[in-house]
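In: The sequence isn't on hand, but the structure is:
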């Protein structure tokens, strides 16, 4: 009996996690925002605020960032090409911090 | 606005040329206490961290993007100038500026420093890579330099764990005076910019006083470049290097992989011995251990691959590779700037796609985005390794292992297909635009062990969090759907494994109709479904599905021998061909949608990649079958 | 003389940077100056990429850069020979 409960809990937990991670960002921020209205405390609040503001994963550790104005990106094309941009490695995504 | 008060820590801004080691210094100062965001409206990243002084006080450190001059010619640089001057709304004006300078190239770096001295703000010069300069026999009169510049100069070695000590001490001792001066120079407007040649004349004068011997790039550097950048031998060397890397990925990984696999099997046996038969045991053994454990075994290979990539990157080789490949890339219509995004895509296409923001021309950028997923990302490695390990014999071809060769071949296939697609796009769009190159070729450096270890640790962490997160949860869900609904009353194992009565089994058989022409059985078909979320999940999914199909219940078998037995060679090769192309990564498509601001391109990308994957798998399957596989 | 006309291995001094091709606008000119292509600075043409045309590896001061052909065509240089003629 308890075995089935454990299994069910695990499966449901994983289901919710998967749905959450794979949901589009907008949906997640909306859900996070409505959850924040219930005034959670501490780290849960921090985590929810981050998601509500548009940060959060894509199945990796999260390399999301809302892209700036399209044409602004074009301007930085005139910067000389350098192999050590912001992060320490070009292979490290911006959010692998 | 910012007074050095416990609640309002002092703010210092790091400014310097790209490639001067500024970021490494920033990392030293702030450790893990950093946050990255964007300044509103521009792509400039705002990196802020806190440094803790020995007295316990904290200071806020802002890392500004590397630049060669304060003269703003792009909105990005305009923002940077405003931040430095304290004119940016909502940004605390820096109390002091730390100009990070590459001691081995004062000629270039001092220009920016001179511009900064003219601002009148409290300035400290961090003479970075002082150790390298000394090793090259370069003697810099630090006292004289400080006198000529009119500001303190401290030495830093950003690659040493305590290399920032002098800077920290200086900040500590002078904190009070710095903040007092800062208050007085609060709103500073930059004086009109000096023309470049005047600035350079001053630099030359200072150099003559401070580091009079003419520093020459070591003879050694030229000699290395004579080979590395040679139009023929350079390319040969590049090919050999890549070759060797893939050999190592297979041969070095064998031992650790076997260790992990044995540990996983032992764990499975342990659970079987201690847990009675039932859904929990099945979940643990067939779901978690067979599934997740299967993916875990590929960590060593990923780490070995990244070890070499980080090594190449740290040593300064990569810009040379970009130099060698630039004209070839141009011929297929890829901008020279596409090198970095495409190279990043070997780790994961998502940061690669985001890195295309530096490509000005819209069509060039789009072309790069569309081909980035063809670069063999690190998630494909477990799949390739599994299939090569099960179906390619460990034979020697000359010096080389056939498996390593095959892996190398697959990576080449990814690159070649990317070039082919790009070429096709070029024909359709007829693009050929000027893309500024101005690629800096830094001197070769001894790769830093510290960076290497940190980089590998990062990769391992990312992999483990992926395994523990999405891979684990989807494997459990797949287990669930592969177990329920169960077989009907009166079923016995001779009628076939129970899994065929489950939802996954039924769905798999339905999908099999679609995939049968390319040789995929229903197990593969169903494994591709959770594999849409992340490619590696397909490895785990196959593990779980086969574990549940196994006639020997309650034994944790390794997947590779099972599929080696069960699949034809043609099926295996077709699956490999499928994975070279198929866009099994929803996140990538999501990023493309965000970066291109439309649904058209991600759908187009998914469409063409699935089509290519199906076609390649079809051709491979039938050709291999015809050849007796 | 243009930087792009220097043979491999030749030393020269930078005279000025200008727009040597329609694609090279004022931003690029300014960038080149910021990289160190300033009047009086020594420049060394190292080599060209596979194909012999571009990119051109150039050492300006102590820094090595790879430039496009049109970028190198926008830098006017004087060689010791031409200097002595003047």
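Out: Structure's in. What do you need? Bear in mind that the values here come from a model prediction, so they are computed numbers and not experimental data.

In: Excluding sequence neighbours, find me the nearest residue to residue B:483.
Out: Once flanking residues are discounted, residue B:483 sits nearest to residue B:502: 5.7 Å by C-beta to C-beta, 6 or more residues apart in numbering or on different chains. To be clear about C-beta, it is placed using only N, CA and C from the backbone, and glycine gets the same treatment.

In: Hmm, that neighbour is touching residue B:479, no?
Out: No: between residue B:502 and residue B:479 there is no contact under C-beta atoms under 8 Å: 9.7 Å.

In: Which residues are in contact with each of the two?
Out: Residues touching both residue B:502 and residue B:479 (C-beta atoms under 8 Å, 6 or more residues apart in numbering or on different chains): residue B:548.

In: So these two - more neighbours on which side?
Out: Shown here are residue B:502 and residue B:479; by other C-beta atoms under 10 Å in any protein chain shown, residue B:479 has more neighbours (32 against 23).

In: I figured that one hits residue B:286, correct?
Out: Yes: counting by C-beta under 8 Å, residue B:479 touches residue B:286, with 6.4 Å between them.

In: Mutual contacts of the two, please.
Out: Joint contacts of residue B:479 and residue B:286 (C-beta under 8 Å, 6+ apart) are B:544, B:548.

In: Need the per-residue pLDDT for the residue of chain C found nearest chain A.
Out: Going by C-beta to the nearest C-beta, chain A is nearest to residue C:27 of chain C, at 4.8 Å. What the model reports as pLDDT for residue C:27 is 82.

In: My guess is it contacts residue B:71. True?
Out: No: using C-beta under 8 Å, residue C:27 is not in contact with residue B:71; the gap is 10.9 Å.

In: For chain A, name the helix or strand with the lowest mean pLDDT.
Out: Lowest by mean pLDDT, DSSP states H and E among the helices and strands of chain A is helix A:70-75, with a mean of 38.

In: Where does the prediction get shaky in chain C?
Out: Segments of chain C classed as low confidence (criterion: pLDDT under 70) are C:81-86.

In: can you give me the helices in it?
Out: Ranges of helices within chain C are C:26-35, C:69-72, C:80-85, based on DSSP state H.

In: Enumerate the residues of chain C near chain A.
Out: C:27-28, C:31, C:35, C:65 (C-beta under 8 Å from any C-beta of the partner chain).

In: which of those has the most neighbours?
Out: Neighbour max across those (other C-beta under 10 Å) = residue C:65, 26 neighbours.

In: Check the gap between that one and residue B:19 for me.
Out: When distance is defined by C-beta to C-beta, to the nearest Å, residue C:65 is 11 Å away from residue B:19.

In: cool, residue B:535 as well?
Out: Counting by C-beta to C-beta - residue B:535 and residue B:19 are separated by 34 Å.

In: now residue C:72
Out: For residue C:72 relative to residue B:19 (C-beta to C-beta), the value is 21 Å.

In: Residue B:172 against residue B:54, yeah?
Out: Yes: using C-beta under 8 Å, residue B:172 is in contact with residue B:54, at 6.4 Å.

In: so where do the strands sit in chain C?
Out: Under the criterion DSSP state E, chain C contains strands at C:11-17, C:42-48, C:56-60, C:63-67, C:75-78.

In: Deepest-packed of the ones you listed, please.
Out: strand C:63-67 (a mean of 25; mean count of other C-beta atoms under 10 Å in any protein chain shown).

In: That one: how far from the chain's middle?
Out: Chain-centre distance of strand C:63-67: 10 Å, with C-alpha atoms, centre = their mean, to the nearest Å.

In: Check stretch C:66-85 too.
Out: Worked out by C-alpha atoms, centre = their mean, stretch C:66-85 lies 5 Å from the chain centre.

In: hmm, that stretch touching chain B?
Out: Yes: judged by C-beta under 8 Å from any C-beta, stretch C:66-85 comes into contact with chain B through C:66-68, C:70-71.

In: For that stretch, buried residues please.
Out: C:66-78 (16 or more other C-beta atoms under 10 Å in any protein chain shown).

In: In chain A, which helix is the longest?
Out: helix A:2-22.

In: same question for that one, mean pLDDT?
Out: The average pLDDT within helix A:2-22 is 89.

In: again with stretch B:127-144
Out: Here the average pLDDT along stretch B:127-144 is 83.

In: Okay, buried residues for it please.
Out: Buried-residue list, stretch B:127-144, by 16+ other C-beta under 10 Å: B:127-133, B:136, B:138, B:140, B:142.

In: contacting residues around it?
Out: Against stretch B:127-144 from outside (C-beta under 8 Å, 6+ apart): B:16, B:20-22, B:25, B:100-104, B:106, B:145, B:153-158, B:160, B:209-211, B:213, B:215, B:218, B:445.

In: Show only the entries of these found in helices.
Out: B:22, B:25, B:106, B:145, B:209-210.

In: so which of these comes closest to chain C?
Out: For the ones in helices among the contacts of stretch B:127-144, the nearest to chain C is residue B:106 (8.3 Å; C-beta to the nearest C-beta).

In: give the contact list for that closest one.
Out: Per C-beta under 8 Å, 6+ apart, neighbours of residue B:106: B:140, B:203, B:207, B:210-211.

In: so what's it scoring on pLDDT?
Out: pLDDT, read off for residue B:106, is 87.

In: got a list of what the nearest residue to residue B:448 once chain neighbours are set aside touches?
Out: Closest residue to residue B:448 apart from its sequence neighbours, by C-beta to C-beta, 6+ apart: residue B:159 at 4.6 Å. Taking C-beta under 8 Å, 6+ apart, we find residue B:159 in contact with B:21, B:24, B:448, B:450-451.

In: Now for those: which two are most distant?
Out: Largest separation among the contacts of residue B:159 by C-beta to C-beta: B:21 and B:450, giving 12.5 Å.

In: The two: which has the busier surroundings?
Out: residue B:21 (25 against 15).

In: Please report the distance of that one from residue B:566.
Out: 54 Å.

In: Quick check: the nearest residue to residue C:4 once chain neighbours are set aside vs residue B:395, distance?
Out: Using C-beta to C-beta, 6+ apart and skipping residues adjacent in sequence, the residue nearest residue C:4 is residue C:72, 3.8 Å away. With distances taken as C-beta to C-beta, residue C:72 is found 49 Å from residue B:395.

In: Kindly report the same for residue B:20.
Out: Counting by C-beta to C-beta, the gap from residue B:20 to residue B:395 is 49 Å.

In: Between the two, point out the one with more neighbours.
Out: Between residue B:20 and residue B:395, residue B:20 has the larger neighbour count (other C-beta under 10 Å), namely 28 against 10.

In: pLDDT at the more buried one, what is it?
Out: Reported pLDDT for residue B:20: 81.

In: on that earlier part again, which two of the residues of stretch C:66-85 next to chain B have the greatest separation?
Out: Pairwise across those, and taking C-beta to C-beta, the largest span is found between C:66 and C:70, at 13.3 Å.

In: Point me to the residue of the stretch 451-600 of chain B nearest chain C.
Out: residue B:451 (21.6 Å).

In: Which pLDDT does the model give that residue?
Out: pLDDT, residue B:451: 76.

In: tell me the domain ranges of chain B?
Out: B:10-210, B:277-294+B:461-626 (automatic domain parsing).

In: if we can go back for a sec, closest to residue B:599 out of the buried residues of stretch C:66-85?
Out: Closest approach between the buried residues of stretch C:66-85 and residue B:599, by C-beta to C-beta: residue C:68, at 35.4 Å.

In: Grab the nearest non-local neighbour of the closest one.
Out: residue B:437 (4.6 Å).

In: Can you tell me the SS state at the one you found?
Out: Classification of residue B:437 using DSSP: H, G, I helix; E, B strand; the rest coil returns coil.
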